[in-house]
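In: need a 3D model of the following:
(one chain, ligands or ions: 1)
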Amino acid sequence: MTTPVIVWHREDLRLHDHPALDAGLLEGAPLPLLILDEQLLARADLTPRCQAWFMQNAAALRQQYRRLGSELVVRQGRPERLLPELAQSWGVRAVHFLQSHTPYGLQRDRQVAAALRTVGIRAEAHDGLYLHRPGTLRTDGGEPYRVYTPFMKRLRLLPRAVPLATPGRLPPLPVGLPPGELPELKSDIPLPLAGEAAALAQLQTFVSQHLQRYHQTRNFPAKPGTSRLSPYLTLGVLSARLAYHLAELAGGEGAQVWQNELIWREFQAHLLASYPDTLESPLNPRWQGFPWRDEAEALAAWRTGQTGYPVVDAGMLELAATGYMHNRVRMVTASFLTKHLLIDWRQGERIFKALLLDGDTAQNVGNWQWTAGCGADAAPYFRIFNPLLQAAKFDPDGAYVRRWRSEPGLPPMIDQAAARARYLEVAQAHLQRAESPVIM
Ligand SMILES: Cc1cc2nc3c(=O)[nH]c(=O)nc-3n(C[C@H](O)[C@H](O)[C@H](O)COP(=O)(O)OP(=O)(O)OC[C@H]3O[C@@H](n4cnc5c(N)ncnc54)[C@H](O)[C@@H]3O)c2cc1C
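Out: Next comes the predicted model:
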């Protein structure tokens, strides 16, 4: 009889291009496992929409396994306690999984590996969530990259793994092993179709119909110019390696620019892996101690789409209603919060994370810091998105604003030019203080 090995799924809810499943198949009979991690389930920012999106994708993964003759086993608890117990009672000799790179994921995986070691079971981490292992690309000087363009150029030169195919039949579960329940949770918003079949179909449609013009259409929020694959990429329902590979095969300027966006995803993961403190602190130390304003009312107006700036309000209403916001509008709304309202990027980051279906720690933190001017490769602090000019340029006929903001707009909560001047004054004074030597 073939020895069972656990294939432990986390943020990799797919069967295609799955190196841990592949390794499990090479070694023995894969026993697919999903642990509903109690520590993650208890997180305050885990909103009904995000929980339901995760569960629906897990249910779709279970269906995929059933189609191939296997079954996804589901248990709830703390992975470092459950895994050694389960592995021992099922008689497995190894646990295979795709390496996570967030501070929480890394710590959890270290604890799990240590707990498994004490009972003589191997933990094997495989790459597969990114094109290249985050945190490993170094400049010629041996430092982690902090600037996107050289990172992108370097990454493009590296050899890439060819995406793996979905396995054919899989061995059935040992007789008598209860599969366990997957809770059916209600979302507060309609969700996209869950599962890798839906993600792969959407990828194919995007590549065949939109990719070639991506570089021309991607900044216009009213157009179907971008892939909207981010909610699938965040839960690993879609392999980024496969997406990149298909763009490579398609070729052309649109494909190149789209690959660059996938490389931004790599860059943000690389930054968080290299500088885990950026979870809470600015990457650029000059921004330490920035005098953000603590203004609950202004924050609430921004969150609920009542700033009086049409594109900002439309963006926040799109986010509330769909769990998605177009990238251009994310930049404008985030800039408005941090620069015009002078509210701490961390407050906006938390609100986005709770409402986005693609909410991802590295991507969200990195992009918020970039927009606020305190992250890697950020535009200079004096470049401030003007929400009125941005709307005129990227939503010239107002179609995007009309789609999300049904009521006539409120008067602006703050004068654009005055808010801009206030921000510049505060930022200049802060940066001067940050640069002047401390006199002891
Ligand atoms: C303030 C702010 C917060 C953000 N928070 C998140 C987040 O939590 N999760 C998230 O996945 N993206 C985040 N982004 C990046 C970006 O807005 C989304 O990835 C993109 O809008 C997703 O739409 P799409 O799938 O149609 O993208 P496409 O344009 O089709 O791009 C393809 C893929 O490339 C990646 N990508 C695109 N733009 C970026 C970017 N700027 N940074 C990193 N990766 C990118 C995404 O994985 C995306 O799915 C944020 C951007 C900003 C400005």
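
In: could you tell me which residues of the stretch 251-400 of the chain lie near the ligand?
Out: The stretch 251-400 of the chain comes close to the ligand at residues 261-262, 264-265, 268, 327, 330-331, 334, 352, 356, 358-360, 363-364, 367-368, 371, as judged by CB under 6 Å from any ligand atom. Using the backbone N, CA and C atoms, a C-beta is placed for each residue, glycine as well.

In: so which of these belong to helices?
Out: Per DSSP state H, helices hold the following members of these: 261-262, 264-265, 268, 327, 330-331, 334, 352, 363-364, 367-368, 371.

In: from the residues of the stretch 251-400 of the chain next to the ligand, which would you call buried?
Out: Buried positions within these, assessed by neighbour count (16 or more other CB atoms under 10 Å), are 261-262, 264-265, 268, 330-331, 334, 352, 356, 358-360, 363-364, 367-368, 371.

In: how about the CA coordinates for the host helix or strand of Ala392, as CSV?
Out: Ala392 belongs to helix 387-394 when assigned by DSSP states H and E. What follows is helix 387-394, C-alpha atoms only, in CSV (Å, rounded to 0.1, in the frame of the first residue of the first chain):
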residue,chain,number,x,y,z
PRO,A,387,-9.3,63.9,-7.6
LEU,A,388,-11.0,66.3,-10.0
LEU,A,389,-8.2,66.2,-12.7
GLN,A,390,-8.0,62.4,-12.3
ALA,A,391,-11.7,62.0,-12.9
ALA,A,392,-11.5,64.3,-15.9
LYS,A,393,-8.7,62.3,-17.4
PHE,A,394,-9.7,58.7,-16.6
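
In: part of a helix, is His270?
Out: Yes: judged by DSSP: H, G, I helix; E, B strand; the rest coil, His270 forms part of a helix.

In: which residues touch it?
Out: Counting by CB atoms under 8 Å, 6 or more residues apart in numbering, His270 makes contact with Pro134, Gly135, Thr136, Leu137, Pro144, Tyr145, Phe151.

In: repeat the analysis, applying 7 Å as the threshold.
Out: Neighbouring residues of His270 by CB atoms under 7 Å, 6 or more residues apart in numbering: Pro134, Gly135, Leu137, Pro144, Tyr145, Phe151.

In: same thing with Trp370?
Out: Neighbours of Trp370 in contact, by CB under 7 Å, 6+ apart: Ala376, Asp377, Ala378.

In: go again using 8 Å as the cut-off
Out: Ala376, Asp377, Ala378, Ala379.

In: closest to Asn219 out of the residues you listed?
Out: The closest of these to Asn219 turns out to be Ala379 (CB to CB; 15.4 Å).

In: related to what we said a few turns ago, would you mind listing the buried residues in the helix holding Ala392?
Out: By neighbour count with 16+ other CB under 10 Å, helix 387-394 contains the buried residues Pro387, Gln390, Ala391, Phe394.

In: and of those residues, the nearest to His18?
Out: Phe394 (37.5 Å).

In: the closest one touches Lys223, doesn't it?
Out: No: shown here, Phe394 and Lys223 do not form a contact pair, counting by CB atoms under 8 Å, at 9.7 Å.

In: pLDDT weak spots in the chain?
Out: The chain contains residues with pLDDT under 70 at 1, 436-440.

In: what residue spans form the domains of the chain?
Out: As given by automatic domain parsing, the domain ranges for the chain are 4-128, 130-162+196-274, 285-434.

In: chain center to the last one: distance?
Out: Its chain's C-alpha centre lies 19 Å from the corresponding centre of domain 285-434 when counted by CA atoms, centre = their mean, to the nearest Å.

In: the first one too?
Out: Taking CA atoms, centre = their mean, the mean C-alpha location of domain 4-128 is offset from the chain mean by 19 Å.

In: same check, this time on the second one
Out: Distance of domain 130-162+196-274 from its chain centroid, counting by CA atoms, centre = their mean, is 12 Å.

In: find the centremost residue of this structure, please.
Out: Nearest to the geometric centre of the chain sits Asp360, at 2.9 Å (CA atoms, centre = their mean).

In: so which helix or strand takes in Ala59?
Out: Take DSSP H and E as the rule and Ala59 turns out to sit in helix 48-67.

In: next structured bit after that helix?
Out: Sequence-wise, the next helix or strand downstream of helix 48-67 (DSSP H and E) is strand 73-77.

In: tell me the first helix or strand C-terminal of that next one.
Out: Downstream of strand 73-77, the next assigned helix or strand under DSSP H and E is helix 79-90.

In: partner strands of the following helix or strand past that following helix and their direction?
Out: Remark: after helix 79-90, the chain's next helix or strand is strand 94-98, criterion DSSP H and E. Here strand 94-98 has these sheet partners by DSSP bridges: strand 4-9 (parallel), strand 122-126 (parallel).

In: and strand 94-98 with helix 79-90, angle?
Out: 140 degrees (axes from the mean of the first three to the mean of the last three CA atoms, to 10 degrees).

In: what does strand 94-98 contact?
Out: Residues outside strand 94-98 that contact it (CB under 8 Å, 6+ apart): 5-12, 18-21, 23-24, 27-28, 30, 83, 87, 109, 112, 116, 121-129, 236.

In: in the protein, which strand has the most residues?
Out: Ranked by residue count under DSSP state E, the longest strand found in the chain is strand 29-37.

In: buried set for the next helix or strand after it?
Out: Later in the chain than strand 29-37, the nearest helix or strand by DSSP H and E is helix 38-41. Using 16+ other CB under 10 Å as the test for burial, helix 38-41 gives Leu40.

In: quick one: neighbours of the closest residue to Pro179 other than its chain neighbours, just the number.
Out: Once flanking residues are discounted, Pro179 sits nearest to Glu71: 5.1 Å by CB to CB, 6 or more residues apart in numbering. Neighbour count of Glu71, defined by other CB atoms under 10 Å: 18.

In: does Glu71 really touch Gln64, like I thought?
Out: No: Glu71 lies out of contact with Gln64 (CB under 8 Å); the separation is 10.6 Å.
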